[in-house]
Structures are given as C-alpha cells and as structure tokens.
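S.K.: any chance you could fold what I've pasted below:
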Amino acid sequence: MLDSAMAALASLSDPSLLLMLLVGVVAGLVMGLIPGLGGTGAVAILLPITFGMDPAPALALLIGALAVVHTSDTVSAVLLGAPGSASASVTMLDGYSMARKGQAKRALSLAFLSSMAGGIIGAVGLTLAIPLARPLVLSFASPELFMLTVLGVSLAAVLSRGNVVKGLIAGLLGLMLGMVGTSPTTAEERFTFGSLFLGDGLSLVAVALGIFGLAEIASRASQRRGDNQQVKVTGGWGAGIREWLAHWSQVLRGSLIGIWAGVLPGVGATAGTWLAYGQAVATAKDKREFGKGDPRGIVGPESANNSVEAGDLIPTLLFGIPGGVPSAMLLGMLLTYGIQPGPSIITDHLDLMYLIVWSFAIASVLGALFCFLTVRPLSSLTKVPFAVLAAGLVAIMLLGSYQDGGQMGDLWVMVLLGVVGWVLKSTGFPRAPFLIGFVLAIPLERYYFLTDSLYDGFEWMLRPGTMVFLAILVVPILWNIFKWVRARRRLDRDDDPKDENPIDAESPLKNSRWSLATAIVITTIFALSLLASAAFSPEARLVPQLVGWVGLLIGFALTTQELLNRRRSLHAPALATASVEVATPALVTTSSSHNHRADAIVPSHAAGAGPAIGSSGHHAPGTGGHSAETDAQRTAGFGAADTKPRTPSRYGPGWTEEAGFAFRTFLWMCGFLVLTTLVGYMAAVMIFVPSFLLIVARAKTRTVIIYTAVLWVVLLALPSLLPIDLPPGLLGRWI
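M.R.: As a prediction, this is how the structure comes out:
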C-alpha cells in the first residue's frame, strides 16, 4: 500500500496532471462563489470535460474542484452576509459580524486556514480508512453489495432534510429513471417506447445538470440586482492567523465531525457544519460572543465543511455508496471508466485511490493560498446579479451535456429534467436521493440479479453482513416513526406537528396544491411503470416491478399525507375567521384610522391567501401566501391592498410570481435549443445571451456587449484547448 501511495504522489509531478489539478482548483473557487451551484455545479460542469481523458487527470480535475468549493463560498458569507452555499450560512453568523467591525481579513484568514486544515485532515481520514476497511470490503459478496446499494438510496432519503416519505419517493423515482435503456442482465430494452435515443439510457451529465443546475438557475434568475452593501476587506491577516493557531483543538474537532457527517449518506456539509458549530458552542465556557464575532464560530464550521467532502469519498469509493450529490456524480464517472467501487477498486486501482487522497490534500492547500492572494477580485464577483450569470451558465451547461453523447436529445432531456428538478425543489422533495438512485440503479439491479441467481429464496438475508446492513437501514426509519408518533401524541413540545413543516424559502410551494399534484403525478408514473414492465421478460422486469410496487405504495401514502394537509388547511381559515369576528368589535372605534386598521386585519388573517403582517412587517408563521405586491404597496404608502378583499386561497399558493418567472426561464432555454438546432451553437449563443441579458437581466448595453464578446471568444477557443465538440445546426449542414 505504501508503494501505491508513493507512486500516486510521484504521478502528480507530471505537468499535465498538475495542470488539471490547478484548473479544477480555480474552477471550484469560482463555482463556490455562485449561489446554488457549489460542489454539485462544479463537478457537473467539469464532468463533460473529462470524457476522453485517462482516469488519473479526470480525477485530479474533479477532486481539485470538489476540495475547494467550501473554501471560496465563505467570501460572500463574510463580506456580504449572503452565503455562496447553505453550509456557509453557519460561518456567516460570526464572520459577517466580525467583518462589519472592520475585521474582515481576520475573519477570512480564520476561514481559509480552517478550510485548508479540514481538507488535509479529511484526506488523512480517507487514507486511514483504506487499510482499516480493506478486509471488510474484500469479504463482501453480491448480497452485501446489493444491500449497500439499497442502503445508499434509503439513507440518503431517510436522513435528508425534510419529509422522509418525499425523500423515499424521490430515491425510487431516480431508480426508475436509471432503468430506462438496456437491461444489464438480459440486454433487453426497457421503457424506451421504440426510441433509439433512449436505448442507451439517459446521460448522467444531463440528469445532474438538469435536476440541479438548470433548476437552480430557474429558481434564482429573477435576481436582477447585485448586493452593493459589501464590507471592505480591512483588518490584518496576522491577527487571524495567530488566533487560528490558538484554536487548534476546534480545528481538530470540527474536522472529525465533518468526516463523520460525510460518511453518513445524505447528511452532507450543511448538517456537518451546524453540528460543528453546535459543539463549539457547547464546549465553550463563555458563550456570549457567539453570533457576534466569536472566532470559534468560524473555525469549527469551516474545518467541518471541507472534511465533509473527504468523508463523502469513504463510502463512495470503498462501498459504492455516494455520500452526497457530487460524490454520486464522481461514482458515475468511475463506472463509465469501468472502475467498480468496492473490492475491485482496492485490488486493481489502489493507485487511483491514493491519487484522490493526494489531490484532495494538495488542492486544499492551493485553494487557501489562492483565496488569500485573490480575495478582492473574488469578492467583486459576488456583487454580480445572478440573472447576469445565468445567461453564460445556461450556455456552458447545455454545451457540457452535449459532450456526453453528442446528441441534441440529451439537451432536451436536460431541460425537461430541469423543470422536474424545479418542481421537486419548490414542493419540498429532496433531490439528492433522486440522483443517487439514478446512479445506483444499474449496480443495484446487477447485484440483485446475481443474489437471486446464487441463493435460494431469502437465505441470503441470513448472512451476517446483510443483517448488519438491514439493521442500519431499519433503525433510522424506526426512529423517524417514533418521533412522528411522539409528536402526534404531544409528548414533547419540541416535536410539535405545527413546527414539522415550517415555511421554507427554498421550497415555497411545499404543502400546497403543487405538492399534491406532484404526488399524484409521481404515483401515476409508478402505476404506468408497472403496466409497461409487465411485458418484459421475467429477468428484465424483476427489479422494475419491485421498484414500481414499492413506489406505488409510498406514492399512495404521500398522496394521503398531502390530502390530510389539505384538510387541515381548509379548517384553518374558518378558525381564523371565527377568531377575528370575535376580536373585531374590540378593534373598531369611531376613529377612521382605527377603522382602516380593523379592515386591514380581517382579510390578512382570514383569507389565508395573503400573509399576516405584524408590526415588524414579518410574515406570521403558518401563513401560506405570497406578499411581494402587498409589501411593495405598503412600503409606498398605499392602503388599497389592505382594504381590498382577497379571494381566499383554499390550499396554499397557486400560480405564484416565482413560478411564472421560472416557467419563462425554461421557455428561454427551449428557445436556445431551437436556435442551436437551426443555426448551430455559436450563432445561437450570439442571439440568446444578449437577448437574455437585455430582456431578463435588464443589464446595461455596455455590459451586454462585453459579456457576449468574452463568452464568444472563450467558447470559440475551447475546442482547440479541450476535447469539446460544438453542436452543429441544420443550416450549417445544408450549406
């Protein structure tokens, strides 16, 4: 093993391999600054570039980006109070407070050094996991490997944030989508409906970029203004460095917590950083400064967020269970190279394992160094409105999807899945289980087929390893059921059902008619899959029927849950109206101003469509409507919105302004694809990008000209620098 580790380190002296690592680091730093992309966007955008490369440079490129994403996302959190990713929101609590006191360099130095240390300690943890887990992994047979794939999808669903039932249904939907194409056991085509394009299955890049990338763009493209309230980068680097050395124990504890959070599928960087912050507060003797600029509130979480990514690689490489979305895409890349995680990667590709370890450690150091040197230009990027960035991101993502199979069909699938991803995100369905299920669909089917062929009945479930994995799967499910029952019986105030589904800015359509319709559509898809798979051969329909029946049962449970939510929501307006009718006489006085106030309160609380507004202007918890127009009118001094009766919303928000903007954004994407099909990619970029910037982003003419020219030059030079093909148009072929 030592020989393999030294050989992997020596291979990084190759200039081409080191260049790929540097490119990945720079790309990861830039992606970390863009809200909503992070590690998922970085890996998804870079993944198409790896096609045609050898495994070593491809891994160096992706690991370089993955290792530093959480290093740069701190910049906007500290300087703007607007975190580049959800995990950086923890750092914002103390980092932004420190920066507002004129100590931005102190906060950033604490964050950069902690991220670097977390990446190095995470790489050490991955190194130690290889010899410790090797005997266990080599003892696995097909039953254990099958249970591991089931465990990967299920734990990602059960442990993910939000509704467990929605997480399970998303994972099963991903499994079903992953079975489109040729069966790995019988070479029989399934769910292709006679299409040659679907015969090869769906592209991993198209699925990942659609579900996460395009869906995120549609959600955030309405942001037309940048944040100009940037804090100046002042203070001294030295003070932060000395303080960081004094808190070395927090670095170590935060890194270990991050590794553990990464090993658990579905937990991820956000939960890991909050756990690290919680332990920092719990172990501190003086807790008064937390949230006001305490350095321990930066060191612990920043050490955890980088070590989480290294921890994710432990189950991904050793057991074939991706710990998160970026590692799921990395697993998909390994499978395309014929590298099977688990026993084979330890016996046949140990040098690649250690290459990943060295790349992660070196990239963590380079990422921190680059951030120290380039913090000012990096911070200026955070002021760019997302709508401006969206135009270039759409062009790059669609180009990346085309590289996988060289077919325009992949781009249309990507946009369609972008709509699906937006609906899932907006209605509270976790998307990580969906992608993990898609990646693990073929391995799960292959291992189940081998297990079913080699063992009689269910005797394989009596193997010790299988029973352990089954227990690991069942315990979280039983725990969630226990918490739900305890909450329903009101045995614990912390588990009050009223707080079970709070208003979520990331999922504004959760518990609405949208989520009910989504549940019905998904249940219908599983029912149709059962009908379609009935015509397959017995071997080819084995797993699709199993997934279909489980999905149908959980779909019925989810639909029932949504209907119960609807029933509760229908009672809420009646109760609110009754309470207001009782309170109204006390509010009405002979003063006209008091009469106006009483009139304003009734529709706000009773209708259920608009939010209840208190004296502070915040939305009251539990209200389901959208109030952008009301807030704007109230700020301008108009009272019409308060006195005009509203149509009651019987079940959450309907067609909201955000939904309309997202729909129009997807129409823009479809228009770009139509232009690409007709006139070719480069000509389509020259039409789409300036039009989007002028009409959607409302950018200045000078910005549009410079932006389009730079993007066009970069795209024109890409084919000569990288193995990239530009989609041709029908017009070019005719000419």
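
S.K.: residue 436 against residue 320, yeah?
M.R.: No - between residue 436 and residue 320 there is no contact under C-beta atoms under 8 Å: 11.0 Å. Every residue, glycine included, has its C-beta placed from N, CA and C.

S.K.: neighbour count for those two, which is higher?
M.R.: The neighbour comparison of residue 436 against residue 320 (other C-beta atoms under 10 Å) goes to residue 436, with 34 against 27.

S.K.: the more buried one - that's part of a strand, no?
M.R.: No - secondary structure of residue 436 (DSSP: H, G, I helix; E, B strand; the rest coil): helix, not part of a strand.

S.K.: how far away is it from residue 308?
M.R.: Going from residue 436 to residue 308 by C-beta to C-beta, to the nearest Å gives 16 Å.

S.K.: rewinding a little: find residues that contact each of residue 436 and residue 320.
M.R.: residue 152 (C-beta atoms under 8 Å, 6 or more residues apart in numbering).

S.K.: number of residues surrounding the residue nearest to residue 16 when sequence neighbours are not counted?
M.R.: Excluding the flanking residues, the one nearest residue 16 by C-beta to C-beta, 6 or more residues apart in numbering is residue 57, at 6.4 Å. Residue 57 has 22 neighbouring residues, counting by other C-beta under 10 Å.

S.K.: contacts only, for residue 57.
M.R.: When contacts are counted by C-beta under 8 Å, 6+ apart, residue 57 touches 16, 17, 20, 50.

S.K.: what do you get if the cut-off is 7 Å, keeping everything else the same?
M.R.: Residues near residue 57 by C-beta atoms under 7 Å, 6 or more residues apart in numbering: 16, 17, 20.

S.K.: can you name the next helix or strand after the helix or strand harbouring the first one?
M.R.: If I follow you right, that is residue 16. Here residue 16 sits within helix 15-33, counting by DSSP states H and E. With elements assigned by DSSP H and E, the helix or strand that comes after helix 15-33 is helix 38-46.

S.K.: separation between residue 262 and residue 64?
M.R.: Residue 262 sits 18 Å away from residue 64, going by C-beta to C-beta.

S.K.: same question, residue 432
M.R.: 22 Å.

S.K.: I'd say residue 358 and residue 12 touch.
M.R.: Yes - contact between residue 358 and residue 12 holds when scored by C-beta atoms under 7 Å: they sit 5.9 Å apart.

S.K.: looking at these two, which is more packed in?
M.R.: Ranked by neighbour count (other C-beta under 10 Å), residue 358 and residue 12 place residue 358 first, with 21 against 15.

S.K.: what is the neighbour count of residue 169?
M.R.: Neighbour count of residue 169, defined by other C-beta under 10 Å: 28.

S.K.: give me the neighbour count for the nearest residue to it once chain neighbours are set aside.
M.R.: In space, and not counting its chain neighbours, residue 169 is closest to residue 554: 5.2 Å by C-beta to C-beta, 6+ apart. The tally of other residues near residue 554 (other C-beta under 10 Å) stands at 21.

S.K.: quick check: residue 554 vs residue 527, distance?
M.R.: Residue 554 is 12 Å from residue 527, by C-beta to C-beta.

S.K.: ok, now residue 119?
M.R.: 46 Å.

S.K.: repeat for residue 141
M.R.: According to C-beta to C-beta, residue 141 and residue 527 sit 35 Å apart.

S.K.: can you map out the helices along the stretch 1-150 of the chain?
M.R.: Ranges of helices within the stretch 1-150 of the chain are 2-11, 15-33, 38-46, 55-79, 88-100, 104-138, 142-158, based on DSSP state H, counting those that start in this stretch.

S.K.: again, but for the stretch 451-600 of the chain
M.R.: For the stretch 451-600 of the chain, applying DSSP H, counting those that start in this stretch gives helices covering 464-488, 513-533, 542-587, 592-606.

S.K.: state the mean pLDDT of the last one.
M.R.: In this model, helix 592-606 has a mean pLDDT of 37.

S.K.: neighbour count for residue 119 and residue 527, which is higher?
M.R.: Neighbour count, other C-beta under 10 Å: between residue 119 and residue 527, residue 119 has more, with 31 against 16.

S.K.: separation between the nearest residue to that one once chain neighbours are set aside and residue 47?
M.R.: Closest residue to residue 119 apart from its sequence neighbours, by C-beta to C-beta, 6+ apart: residue 364 at 2.7 Å. Applying C-beta to C-beta, the value for residue 364 to residue 47 is 21 Å.

S.K.: okay, now residue 670: neighbour count?
M.R.: 14.

S.K.: what sits against it?
M.R.: Counting by C-beta under 7 Å, 6+ apart, residue 670 makes contact with residue 415.

S.K.: quickly find the element holding it.
M.R.: Per DSSP H and E: helix 657-679 holds residue 670.

S.K.: got the buried residues for the following helix or strand past that helix?
M.R.: Remark: after helix 657-679, the chain's next helix or strand is helix 681-695, criterion DSSP H and E. Buried residues in helix 681-695, counted by 16 or more other C-beta atoms under 10 Å: 681, 682, 684, 685, 686, 688, 689, 690, 691, 692, 693.

S.K.: noted, bye for now.
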